[in-house]
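**Q** next one to model:
(one chain, ligands or ions: 1)
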Amino acid sequence: MSMKQYLLTPGPTPVPDRVLLAMARPVLHHRMPAFSKIFNEVVDGLSWIYQTAGKPIILNGSGTVAMEAAVVNLMSKGDLALVAHSGKFGERWVELCKAYGVGVVEVKAPYGAAVDPAAVEKALADNPGVRAVFIQANESSTGVRQPYEAVAKLAHAQKDCLVVVDAVSALGAWDIKMDELGIDALITGSQKALMLPPGLAFIALSERAWARQPRSDLPKYYLNLATERKAQQNGETAWTPGVSLIIGLAEALAMLKEEGLAAIFARHDALARATRAAAVAAGLELYAPGAPSPTVTAIKAPRLADGTALDTDLLVKHLRSSYGVSIVGGQGSMKGQIFRVAHLGYYGPFDILTVVTALEMSLKDLGCKVELGVGTRAAEEILSAWRKQAKADAAPKK
Ligand SMILES: *Cc1c(COP(=O)(O)O)cnc(C)c1O
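**A** Numbering: from 1, shown residues only. Down below sits the predicted model:
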């Protein structure tokens with residue numbers, strides 16, 4: 001297919017040319033000083049993104065591998081975990097814990113809603129044996145921002161209870177201060193806000209979590225974080241790392257530093273607001289209006305002229321086949337019911353305008369009632385106001 005393609009999904013996300021070119025450099029041997037130098041720089045950069053004094057651990061694999069590492073390094077057989085969830089990624093915590101024989105107390109909310117901290121508080125009071133609370137920062141399957149800050153506080157009020165946050169589609173896109181919030185394990189992956197292809201996962205542990213790690217008796221070898229920590233303190237990894245991805249990460253971190261944390265967070269916030277405003281202006285209904293995510297906007301199935309709902313899988317397919325725009329639909333029971341627009345990682349204002357314009361055209365093509373340009377206009381208003389403010393913020397102070 002010769003049509004120009006736009007990858008605008010919540011992971012993998014677009015990779016900047018600078019990063020692609022860096023990854024085309026010759027592969028280095030991972031036990032040589034040239035690689036160690038890059039590795040150490042990358043770990044420092046990750047500490048900056050994590051807002052921690054600690055050193056995040058780099059693992060090979062997709063984000064789930066770091067989730068698994070959290071379970072097998074922090075829990076023991078027969079331990080009790082509390083999983084606070086309302087989506088497919090939260091359900092992954094439940095499945096992972098059960099796979100290793102860890103007992104699970106579930107605190108659920110309906111899809112499209114955030115978990116209620118009061119319900120977590122009650123479940124912790126009812127289950128004083130809970131050794132860790134697992135939650136997402138961003139529930140990517142529903143576009144919900146979870147209240148991990150409040151949940152972290154509740155976990156810390158318990159005796160010997162850690163808080164583990166899956167921030168795979170959040171870290172590096174909005175402000176998550178690991179140390180200040182007291183998060184004990186914070187997880188992300190390469191293919192989201194960090195602007196890389198899939199293949200690396202990251203996990204940082206607090207001192208309390210490192211103190212717990214040697215006591216954990218769950219089976220582990222490749223994912224033994226103590227082994228990795230020992231190697232990574234010396235600028236190496238225990239096993240062969242994804243060398244080219246790590247070289248790419250050095251470039252991605254350089255780009256993020258040039259932009260600065262505050263500007264990165266403001267950009268994601270503006271893109272999210274523009275997307276939501278565009279959807280509403282175009283007559284669509286948000287799926288998670290109560291706790292909208294700064295990185296993924298979930299939108300309910302549009303209505304056809306006869307009032308019935310349009311299958312969102314058809315909409316997603318039409319965007320791809322007619323306009324070359326790749327977005328995603330709903331997962332599990334949300335399949336066909338919602339679609340999701342990402343604004344995560346290497347995204348700028350014209351990525352949002354591309355999606356919104358293609359969406360309006362597709363709605364018209366497929367027989368929905370829509371006035372072309374109304375969503376685009378709503379997005380433009382927000383995006384131009386954000387650029388104006390960003391330029392003023394970046395101007396040298398007199
Ligand atoms: C992408 C993502 C993951 C990781 O999924 P992988 O396919 O293993 O990379 C985990 N949690 C959330 C919230 C995500 O968005």
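**Q** quick check on the residue of the stretch 201-350 of the chain found nearest the ligand: phi, psi?
**A** Scanning the stretch 201-350 of the chain for proximity to the ligand using Cβ to the nearest ligand atom identifies residue 201 as nearest, at 7.2 Å. C-beta coordinates here come from the backbone N, C-alpha and C atoms, glycine included. The phi/psi pair for residue 201 (degrees, to the nearest 10) reads phi -130, psi 150.
**Q** what of residue 106?
**A** The phi/psi pair for residue 106 (degrees, to the nearest 10) reads phi -100, psi 130.
**Q** in three-state terms, label the closest residue to it other than its chain neighbours for me.
**A** With sequence-adjacent residues excluded and distances taken as Cβ to Cβ, 6 or more residues apart in numbering, residue 106 is closest to residue 83, at 5.5 Å. Following DSSP: H, G, I helix; E, B strand; the rest coil, we place residue 83 in the strand state.
**Q** could you report the pLDDT at residue 83?
**A** Model confidence at residue 83, given as pLDDT, is 98.
**Q** show me what contacts it?
**A** For residue 83, the contact set (Cβ atoms under 8 Å, 6 or more residues apart in numbering) comprises 90, 93, 94, 97, 104, 105, 106, 107, 133, 134, 135.
**Q** now, which of those residues sits nearest residue 52?
**A** Set against residue 52, the nearest of those by Cβ to Cβ is residue 135 (17.9 Å).
**Q** tell me if I'm right that that closest one and residue 85 touch.
**A** Yes: at 7.2 Å, residue 135 counts as touching residue 85 under the criterion of Cβ atoms under 8 Å.
**Q** up against the ligand, what does this structure have?
**A** Residues of the chain lying near the ligand by Cβ under 6 Å from any ligand atom: 11, 62-64, 89, 136, 138, 140, 166, 168-169, 189, 192.
**Q** quick test: name the residue nearest the centre of the chain.
**A** Geometric centre of the chain, nearest residue: residue 169, 0.5 Å, by Cα atoms, centre = their mean.
**Q** re the thing from before, so of the contacts of residue 83, which ones are in strands?
**A** Applying DSSP state E to the contacts of residue 83, the entries found in strands are 104, 105, 106, 107, 133, 134, 135.
**Q** where along the stretch 101-250 of the chain do the helices fall?
**A** In the stretch 101-250 of the chain, the helices defined using DSSP state H, counting those that start in this stretch lie at 117-126, 148-156, 178-181, 207-212, 225-232, 243-259.
**Q** same for the strand or helix carrying residue 357, what does it pack against?
**A** For residue 357, the host element (DSSP states H and E) is helix 349-365. For helix 349-365, the elements it packs on are strand 6-7, helix 261-281, helix 312-323, strand 325-326, strand 338-342, helix 374-394, judged by 3 or more Cβ pairs under 8 Å, 6 or more residues apart in numbering; DSSP states H and E.
**Q** hmm, try it at 10 Å
**A** Counting contacts by 3 or more Cβ pairs under 10 Å, 6 or more residues apart in numbering; DSSP states H and E, helix 349-365 packs against strand 6-7, helix 261-281, strand 296-300, helix 312-323, strand 325-326, strand 338-342, helix 374-394.
**Q** and residue 396, what's its pLDDT?
**A** Looking at residue 396, its pLDDT reads 84.
**Q** helix/strand/coil for it?
**A** Reduced to three states by three-state DSSP, residue 396 is coil.
**Q** checking the nearest residue to the residue of the stretch 201-350 of the chain closest to the ligand once chain neighbours are set aside next. Helix, strand or coil?
**A** The shortest distance from residue 201 to any non-neighbouring residue, by Cβ to Cβ, 6+ apart, is to residue 66 (3.8 Å). Secondary structure, three-state DSSP: residue 66 is helix.
**Q** surely residue 66 meets residue 57?
**A** Yes: between residue 66 and residue 57 there is a contact at 8.3 Å, judged by Cβ atoms under 10 Å.
**Q** okay, and the common contacts of those two?
**A** Common neighbours of residue 66 and residue 57, using Cβ atoms under 10 Å, 6 or more residues apart in numbering, are 201, 202, 203, 204, 223, 225.
**Q** and the residues you listed, which of them are buried?
**A** Applying a neighbour-count criterion of 16 or more other Cβ atoms under 10 Å, the buried members of the shared contacts of residue 66 and residue 57 are 201, 202, 203, 204, 223, 225.
**Q** what's across from the fourth one in the sheet?
**A** As for beta bridges, residue 204 partners with residue 186 under DSSP bridges.
**Q** coming back round to it: tabulate the contacts of residue 83 (JSON lines), appending neighbour count and pLDDT.
**A** JSON lines is the format used below for those (neighbours: other Cβ atoms under 10 Å; pLDDT from 0 to 100):
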{"residue": "90", "neighbour count": "25", "pLDDT": "98"}
{"residue": "93", "neighbour count": "27", "pLDDT": "98"}
{"residue": "94", "neighbour count": "18", "pLDDT": "98"}
{"residue": "97", "neighbour count": "23", "pLDDT": "98"}
{"residue": "104", "neighbour count": "16", "pLDDT": "98"}
{"residue": "105", "neighbour count": "19", "pLDDT": "98"}
{"residue": "106", "neighbour count": "15", "pLDDT": "98"}
{"residue": "107", "neighbour count": "23", "pLDDT": "98"}
{"residue": "133", "neighbour count": "28", "pLDDT": "98"}
{"residue": "134", "neighbour count": "30", "pLDDT": "98"}
{"residue": "135", "neighbour count": "29", "pLDDT": "98"}
